[in-house]
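Q: give the three-dimensional model of this entry:
(one chain, ligands or ions: 1)
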Amino acid sequence: MGEPKMVVDILTLFPEMFTGPFDASIIKRAREKGLVEINLINIRDFSRNKHRTVDDTPYGGGAGMVMAAEPLFEAMDWIRARRGEPGRVILLCPAGRPFNQEVAAELAREKHLVLICGHYEGIDERVAEHLVTDEISIGDYVLTGGELPAMVVVDAVCRLIPGVLGERASAQEESFADGLLEYPHYTRPREYRGYRVPEVLLSGHHEKIRLWRRRQSLLRTLASRPDLLARASLTGEDRKILASVLEEIKS
Ligand SMILES: CN(C)c1ccccc1CNc1ccc(C(N)=O)cn1
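A: Predicted structure coming up:
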């Protein structure tokens, strides 16, 4: 087993939450292929008191508990001692930088990521100040912990690591990578309950198929995510396709 392309250390109070998603699907294959190493580290193992507590009451009063700094600092010491300074130390939190495909691509270039999964009302601010390099949010909603966001980030990043997905990624990556929504997919049978596959896809005419797919991506992006269209890197051909689409809409 060669050197893994990427090491992900996940600091969590609930390592058992990860076994399902990480023992199935592409993450499992990526781990078996030695392309990624995922270590689940239980924060509670780094509590330095007899009751193994990892939270405490908030200074300044208020309801709820705050995740203490010590276990996380101790866990980071342990990670550094074993593997040196991580490339990124990511705190999953609602106030973080919105996670998207671009951020996933950026993280996929790192050799070593640490993900911190918080709980309770939040985490002692000294963790964000002195340990964390990136705060990331997977969306504008509040969850009970950072574990589900961590799984989302690991999934999106792992599939971008060369060799994890095999050859099929290219087509899919192309459309999304340049910011457009994907085109519709079909498989056997060519007619099902009277519902037919678009003729062009049965024609074997590769250029027509490529154009049809690109047109579908542009149409779908125009219809449901015009904001993405504004940012997408469009070719001259794309603009011609869009112009003809807009003509059709007007006529
Ligand atoms: C308990 N909370 C509010 C909290 C507060 C601070 C850090 C972590 C957490 C854990 N919860 C999270 C984490 C991430 C996201 C997200 N949108 O990525 C939503 N919730």
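Q: which ones are touching residue 163?
A: When the contact criterion is C-beta atoms under 8 Å, 6 or more residues apart in numbering, the partners of residue 163 are 5, 33, 35. All C-beta spots, glycine's among them, are computed from the backbone N, C-alpha and C.
Q: for the ligand, see how far away the second one is.
A: I take that to be residue 33. The gap separating residue 33 from the ligand is 28 Å, by C-beta to the nearest ligand atom, to the nearest Å.
Q: neighbours of that residue, how many?
A: The tally of other residues near residue 33 (other C-beta atoms under 10 Å) stands at 16.
Q: same deal with the one 5 residues further on?
A: Residues lying near residue 38 (other C-beta under 10 Å) number 19.
Q: again, but for residue 226
A: Neighbour count for residue 226, taken as other C-beta under 10 Å: 9.
Q: the one 5 residues further on now?
A: By the measure other C-beta under 10 Å, the count of residues near residue 231 is 10.
Q: show me what contacts it?
A: residue 179.
Q: equivalent analysis for residue 24, please.
A: Contacts of residue 24 by C-beta under 8 Å, 6+ apart: none found.
Q: picking up where we left off before, output the contacts of residue 163 as CSV; include the columns secondary structure and pLDDT.
A: Shown next, in CSV, are the contacts of residue 163 (DSSP: H, G, I helix; E, B strand; the rest coil; pLDDT from 0 to 100):
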residue, secondary structure, pLDDT
5, coil, 85
33, coil, 92
35, coil, 95
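Q: need phi/psi at the closest residue to the ligand within the stretch 51-200 of the chain.
A: Closest to the ligand within the stretch 51-200 of the chain is residue 118: 3.0 Å, counting by C-beta to the nearest ligand atom. Here is the backbone geometry of residue 118 (degrees, to the nearest 10): phi -90, psi 160.
Q: so it sits against residue 93, correct?
A: Yes. Here residue 118 reaches residue 93: they are 6.2 Å apart, a contact under C-beta atoms under 8 Å.
Q: okay, and the common contacts of the two?
A: With C-beta under 8 Å, 6+ apart, residue 118 and residue 93 have common neighbours residue 146.
Q: which of these two has more neighbours?
A: Shown here are residue 118 and residue 93; by other C-beta under 10 Å, residue 118 has more neighbours (26 against 21).
Q: residues in contact with the more buried one?
A: 67, 91-93, 145-146.
Q: which one of the residues you listed has the most neighbours?
A: Neighbour tally across the contacts of residue 118 (other C-beta under 10 Å): the maximum, 28 neighbours, falls on residue 146.
Q: hmm, residue 201 and residue 208 touching each other?
A: No. Counting by C-beta under 8 Å, residue 208 stays clear of residue 201, with 9.3 Å between them.
Q: the more surrounded of these two?
A: Legend: neighbour count by other C-beta under 10 Å for residue 208 and residue 201, higher for residue 201 (16 against 13).
Q: can you report phi and psi for the more buried one?
A: According to degrees, to the nearest 10, residue 201 has phi -70, psi -20.
Q: same check on residue 114?
A: For residue 114, the backbone dihedrals (degrees, to the nearest 10) come out as phi -120, psi 130.
Q: wait, it sits on residue 79?
A: Yes. Between residue 114 and residue 79 there is a contact under C-beta under 8 Å: 6.2 Å.
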